[in-house]
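Engineer: got a predicted structure here, sequence first:
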Amino acid sequence: LGDTGRYTCIASTPSGEATWSAYIEVQEFGVPVQPPRPTDPNLIPSAPSKPEVTDVSRNTVTLSWQPNLNSGATPTSYIIEAFSHASGSSWQTVAENVKTESFAVKGLKPNAIYLFLVRAANAYGLSDPSQISDPVKT
């Protein structure tokens, strides 16, 4: 029972690393557990459009994108990930729970090249990633 908690898986290579976390609840032996019903893939949002860069400054990049409402379910929020050799050469989540289709990513390193992608989320899961943005230099 003491093993209940958040677990993080880290996959790393010489060119970078990716992480993903999950919460695991351990229950008393012998207590029947209801297996989670498999989620209908149609309830998960589809990947948003490729993020477009609408504004750039020394340490901020403003992105905008469109949800894909032709397939999948309606997103309730978005997650933005960024990649830059200046920030450790790995994809990093730079914003979560974004409620709009436009967002200013702040706190970036100046004079660095970044790539961005966006994922749509709702209560049933996370979409595949969008296409990667064109490279942008702060």
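Structural biologist: Arrived safely, thanks for sending. Residues are numbered from 1 along each chain as shown.
Engineer: and the contacts of the helix or strand harbouring A95?
Structural biologist: In this assignment (DSSP states H and E), A95 forms part of strand 92-98. For strand 92-98, contacts defined as Cβ atoms under 8 Å, 6 or more residues apart in numbering pick out S77, Y78, I79, I80, E81, A82, F83, F103, V105, G107. Yep, even glycine has a C-beta here, placed from its N, CA and C like the rest.
Engineer: with pLDDT added, can I get those residues in a markdown table?
Structural biologist: Putting the contacts of strand 92-98 into a markdown table (pLDDT from 0 to 100) gives the following:
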| residue | pLDDT |
| --- | --- |
| S77 | 95 |
| Y78 | 97 |
| I79 | 96 |
| I80 | 96 |
| E81 | 95 |
| A82 | 95 |
| F83 | 94 |
| F103 | 97 |
| V105 | 96 |
| G107 | 93 |
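Engineer: mind listing which of these are in strands?
Structural biologist: S77, Y78, I79, I80, E81, A82, F83, F103, V105 (DSSP state E).
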